[in-house]
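A.B. asks: give me coordinates for this.
(2 chains)
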Amino acid sequence: MNVIFILIGCSLVLALIFLGAFFWSVKSGQNDDLETPAMRILFEDKQIPKETE
Amino acid sequence: MSTRTLQKTFCFHCGDEVPFDDIVWDDKVFCCSGCLSVHRIITEGGLGDYYAYSDHPGIKGDKIQSDFLYLENEEILSSLIRFREGDLIKVQLEIPSIHCSSCVWLLENLDQLNRGVKSVRVNFLQKNAVILINSSQISVRELAELLSKIGYQPRITLDEEDKKTRSQIADKTLLLRLAVAGFCFGNVMLFSFPEYFGLDIVHEGDFVRFFSGLNLLLCIPALVYSAREYIVSGWKSVRSRNLHINVPLAVGMIALFGRTVYEIVSGIGPGYADSLTGLIFFLLIGKWFQQKTYDSLSFERDYRSYFPLAVTCVEEDSIISKPLSKVVTGDRLLIRNGELIPVDGILLKGKGDIDYSFVTGESVPVSKSLGEILYAGGKQTGERIEIEALKNVEQSHLTRLWNTSEEDKSEGITYFSDHVGRVFTKVLLLVAAITFLVWSFIDLSRAFFIVTSVLIVACPCALALSSPFALGNAMRILGRAGLYLKNYLAVEDMANVDHIVFDKTGTLTENGTFEIEYEGDDLNNYQIEVAKSLVANSNHPYSKGLYRYWSENNLLPLDAVKEYPGKGLKGRIGNDEIRIGASDFVMGLCDIPGSVHLKFSSGTYGAFYMRNNYRKYITGLTNELFASNYTMSVLSGDNNSERNRIMSKTPEISQYYFRMDPVDKKDTIDALMVKDKVMMIGDGLNDAGALKAANVGVVLTENTNNFTPAAKAILVESSFVLLPSMLRFSKRTLNVIRFSLVFSLLYNIVGLLFAVQGLLSPVFAAILMPASSISVVALNTILTTYYGRKEGLI
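C.D. replies: Residues are numbered from 1 along each chain as shown, chains lettered A, B, ... in the order given. Have a look, this model is predicted:
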């Protein structure tokens, strides 16, 4: 049963990684605009300008 | 009378109805040359796909293009530039006309039209674009002109820039706090499950200690990071002796945490980690929910948003661009067609035709001749004029009004939940004190324990959640129906209103449609057709009104049509010359305002008296409001010749105030507010002072892209008819909150009954707290949605 300690530790670390990923996504501005990317994805490929941010 | 059987056609570019399909290019029909030229720029630049992503995406081409000379001014430029490296410049521009996916596509492919544009990122909701340009190939001014040319004129103001970025930072922190609280809450729940299902403390003590230890660790970030704001504001409110709902919340959180630490460290129990993290998580969700904002709308505009950043000055025969704030008395300013007059001044050159629709809501331009005083806020239509500034910007007639009415009235108002929170806090502290006193006689060692239980269970979580969810949801529902509120508290202000004040022009009346009375020789069908064909050549509101008046009649080809701005139109058919316009133009008589004269050189003469139409539904609307016990008044800048007409349309309005200038309007509102809660509904800048002074200022606008004065709410014109339902709905929402307060108090009382007797167990708390939160949230959202549906708002 002692394996539970390791498993729980792993699960917590994993959850922390996701939390970290969320922090990164918010800080890098991915949540700033939730509308435009949904439109952008439907445009023809050749026209998409290179991202600079 | 022949009827018009032509099939309706729509402009390929902007989708407006085409009056005569005479502009055809490449098999496509356009409503005006403006639309065609934009279309040609776009298709010839290889961006024809613009029309593929949505139907008629274009912006009507006849919009007036302003001059961007001021973008050469370093000071103004530097406020727009976000970053500069060598020749590369990144600017952020607000573009109000962004409205569909085609707009996004076109703007993001702007590099096809000009190689100097390196990249464009559009933010659709905020209607702005971050544009990277190579300044050796295109300057910021040229960029702004390019955008204007294709219909996306940027709106450049200085005051709002930093405000917007600041609100974004606040949003981000809340999201991060919520994420941490969610993370802690989720994991704590996971580690608490064994406890709920009866983990054997004797045989599995290691697990118990491990799980509780982890729980305790997880409580720390939740309390210190996520709940920080509650604790800080609770502490502040205790120190300022102004009790607030955050006090019992903060006290409850600290009590929960203290008990948890104590129980876990001393090994006597699992503590209340689940309740604590759950509480914080739900509170933050509520906060996030109520933080709905309308990114693209601004409720805080002052005159600086309306006025240009810079004006063109004439100095010793050279023309320079000067920032508006630097304009002083005596400067000679050049105002082009479509530009705003930024300061009060004397007309020195040219003929003024000033459209004061921004100011008064009246769309018919006013003629001004040399030497007359022009007030700031009007828009010149027609030829370019020169004025001499009489005052600087801050002291002009209208801007002074805004400066003096800047104090925010909402400071002094206590909202319902604050009031309840204050009472609740006092009662709670009293109960806690009595419990402590009583238990200290019975068993002092348990007294502390039980007091913390009382504080925990009385934590007004449900109380704190009900108003954000009910008001937040109400705000969304109203927004969908066309009323955009500045914040969720405005719903409550709306519910408390008992006196509604309307502006007349543009609010009770409808812009651009007229009640037309004709006096003069009888016109036969042919003459009407000639007249209609002539007025079709003009954009003046009266011409458009007459054109619509004769919508059944056909058009004829005319010769030698000429428009004299501010005067009228002249045209020829066969040997007959026809003139339509002001009486001095047609008949050589002095001008009679509000009339259009018509004369054929063959002799027929007549005059049309144009009066603004009242909105069709206005009688029903005011009757309905009267039936719901609202007092109503009308403020009008006109003289009281309109009195009889207005009284027949709106018999239930009790007071009429005529000849009101902007300052009078504000003073009247202030006077009414002594005993009433006032809602002011207006549309022009002359209402700006009154809108700001009222408990709730509602700006009526045709299009939310338009500039609107600062107010608590923006109402789309087409939803005006829903106003009584909206007011009823706001009252219902407040009732929902009252009801759920009773409901949540029941939870607290039940919990307290257990707690004062020392019977509160962690599992019981763990069930009671989330249950009360979730049921209150559900109750508020479901009931407000139900009422919204019932009132026909969704």
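
A.B. asks: the stretch 1-150 of chain B against chain A: which residues are in contact?
C.D. replies: B:49, B:53, B:101, B:104-105, B:108-109, B:111, B:118-126, B:130, B:132 (C-beta under 8 Å from any C-beta of the partner chain). The way it works is simple: take the backbone N, C-alpha and C, and place the C-beta from them, glycine included.

A.B. asks: ok, how many other residues are close to B:Y53?
C.D. replies: 18 (other C-beta atoms under 10 Å in any protein chain shown).

A.B. asks: and it, what does it touch?
C.D. replies: A:42-43, B:100-102, B:105 (C-beta atoms under 8 Å, 6 or more residues apart in numbering or on different chains).

A.B. asks: ok, now which ones touch B:N134?
C.D. replies: Contacts of B:N134 by C-beta under 8 Å, 6+ apart are B:87-89, B:116-118.

A.B. asks: go again using 7 Å as the cut-off
C.D. replies: Listed by C-beta atoms under 7 Å, 6 or more residues apart in numbering or on different chains, the contact set of B:N134 reads B:87-88, B:116, B:118.

A.B. asks: and for A:K27?
C.D. replies: So A:K27 contacts nothing (C-beta under 7 Å, 6+ apart).

A.B. asks: ok, back up a step: what's the closest of the contacts of B:N134 to chain A?
C.D. replies: B:K118 (7.4 Å; C-beta to the nearest C-beta).

A.B. asks: about what we covered before: could you dump the contacts of B:Y53 into CSV with pLDDT, distance to B:N525 and neighbour count added?
C.D. replies: Output for these, formatted as CSV (pLDDT from 0 to 100; distance: C-beta to C-beta, whole Å; neighbours: other C-beta atoms under 10 Å in any protein chain shown):
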residue, pLDDT, distance to B:N525, neighbour count
A:L42, 82, 52, 9
A:F43, 80, 52, 18
B:C100, 82, 42, 16
B:S101, 83, 47, 20
B:S102, 85, 43, 22
B:W105, 86, 48, 24
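
A.B. asks: what does the stretch 201-350 of chain B put close to chain A?
C.D. replies: B:F210 (C-beta under 7 Å from any C-beta of the partner chain).

A.B. asks: sorry, that was for the stretch 551-700 of chain B
C.D. replies: For the stretch 551-700 of chain B, the contact set with chain A under C-beta under 7 Å from any C-beta is empty.

A.B. asks: in three-state terms, label the closest residue in space to B:G15 that isn't next to it in sequence for me.
C.D. replies: Once flanking residues are discounted, B:G15 sits nearest to B:H56: 2.8 Å by C-beta to C-beta, 6 or more residues apart in numbering or on different chains. Assigned with DSSP: H, G, I helix; E, B strand; the rest coil, B:H56 falls in the coil class.

A.B. asks: show me what contacts B:H56?
C.D. replies: B:10-11, B:13-15.

A.B. asks: ditto for B:F282
C.D. replies: Contact analysis of B:F282 by C-beta under 7 Å, 6+ apart lists B:461, B:465, B:773.

A.B. asks: for B:I714, same thing?
C.D. replies: B:297, B:484, B:699, B:701, B:704, B:708.

A.B. asks: just the buried residues from those residues, in ChimeraX please.
C.D. replies: In ChimeraX syntax, the buried subset of the contacts of B:I714 is picked out as below (16 or more other C-beta atoms under 10 Å in any protein chain shown):
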select /B:297,484,699,701,704,708
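
A.B. asks: from the contacts of B:I714, which land in strands?
C.D. replies: B:484, B:699, B:701 (DSSP state E).

A.B. asks: and of those residues, the nearest to chain A?
C.D. replies: B:Y484 (16.8 Å).

A.B. asks: report the buried members of the residues of the stretch 1-150 of chain B next to chain A.
C.D. replies: B:49, B:53, B:101, B:104-105, B:108-109, B:111, B:118-124, B:126, B:130, B:132.

A.B. asks: those residues in strands, which ones?
C.D. replies: Reading strands off those with DSSP E, I get B:118-123, B:130, B:132.

A.B. asks: A helix includes B:M660, no?
C.D. replies: No: secondary structure assignment places B:M660 outside any helix; it is coil (three-state DSSP).

A.B. asks: for it, grab phi and psi.
C.D. replies: Recorded main-chain torsions at B:M660 are phi -100, psi 120, according to degrees, to the nearest 10.

A.B. asks: what sits against it?
C.D. replies: B:635-637, B:668.

A.B. asks: out of the residues you listed, which is most surrounded?
C.D. replies: For these, neighbours tallied by other C-beta under 10 Å; top is B:L635, 25 neighbours.
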